[in-house]
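Enquirer: sequence plus the predicted model coming up.
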Amino acid sequence: MSFIRYPMTSLAAMAICFTATSWAAESAPVVDDFSSAGATSRGVPRFFITDTSAGGQTTQAPTVAEGVLTVKGEISPARGQPGWASAALPLAPQGQPFDASDFEGIRLRVRINKGNLSVSANSAEVTNFDFHAAIISPASGGDFQDVKIPFDSMKRAWSEQTPLNPATLTGISLVAYDVRPAEFEYEVDEVGFY
């Protein structure tokens, strides 16, 4: 759940400012509609990481087809820790922060077929990777559901609770998790702000 940060170039800063202005004018700005196999709707490559960097053995297999991201895998946590698999959707190139303060929260259209899923708003102000997050409960009947998560309802898991600053977002992550070995599978049709 980490983002690599690079020095901001003036060109990147101008691009970010332009994009923020464009998004503010939209009623339902899109972060990713999964129309591209490898990049978000913002043109930034998605990336996928698991707990293997922290001693776990979790696996995940993401695929994109017909505008839907499907992620399947198996949580295999390290001893004494929760296991996790993250699909990260950066908001700007090179981990630069994006100002999402014109919006109330995150929206997504998702179907959870198996396991647990949360969404996190990754802020440049959080340096220990305990980003503000919210659990997504599966819909009854196994259908796609539209979910809206207000920024001010998102909490950190183990750190002191601090308000999320939406002006400093670097990305949105979808995180499958469990405290024991378990399979997971979810599909996402779109992620954006509202």
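Expert: Sure, I can see it.
Enquirer: list the contacts for the residue nearest to the spatial centre of the chain?
Expert: The residue lying closest to the centre of the chain (Cα atoms, centre = their mean) is S173, at 1.5 Å. Residues near S173 by Cβ atoms under 8 Å, 6 or more residues apart in numbering: 1, 86-89, 119-120, 122, 131. To be clear about C-beta, it is placed using only N, CA and C from the backbone, and glycine gets the same treatment.
Enquirer: and the two most separated of those residues?
Expert: Longest distance between any two of the contacts of S173 is 13.7 Å, between A87 and F131; criterion Cβ to Cβ.
Enquirer: now the helices for this protein?
Expert: 10-24 (DSSP state H).
Enquirer: in terms of distance to S41, which of the contacts of S173 ranks first?
Expert: For the contacts of S173, the nearest to S41 is L89 (9.0 Å; Cβ to Cβ).
Enquirer: how much space separates the closest residue to F34 other than its chain neighbours from A134?
Expert: Counting by Cβ to Cβ, 6 or more residues apart in numbering, F34 lies nearest to L69, which is 4.7 Å off, once chain neighbours are set aside. L69 is 19 Å from A134, where distance means Cβ to Cβ, to the nearest Å.
Enquirer: same question for T162.
Expert: Applying Cβ to Cβ to T162 and A134 gives a distance of 15 Å.
Enquirer: okay, the two: which has more neighbours?
Expert: Taking other Cβ atoms under 10 Å, T162 and A134 do not tie; A134 has more neighbours (18 against 13).
Enquirer: what's opposite that one in the beta bridge?
Expert: V119 (DSSP bridges).
Enquirer: ok, it - contacts?
Expert: So A134 contacts 118-120, 149, 153-155 (Cβ under 8 Å, 6+ apart).
Enquirer: could you list the low-pLDDT ranges of the protein?
Expert: Along the chain, the parts satisfying pLDDT under 70 run over 1-28.
Enquirer: now the longest strand along it, how far from the centre of its chain.
Expert: Scanning the chain for the strand with the most residues, using DSSP state E, yields strand 182-193. Strand 182-193 sits 10 Å away from the centroid of its parent chain (Cα atoms, centre = their mean, to the nearest Å).
Enquirer: pull out the buried residues from that strand.
Expert: In terms of neighbour count (16 or more other Cβ atoms under 10 Å), strand 182-193 has its buried residues at 182, 184-193.
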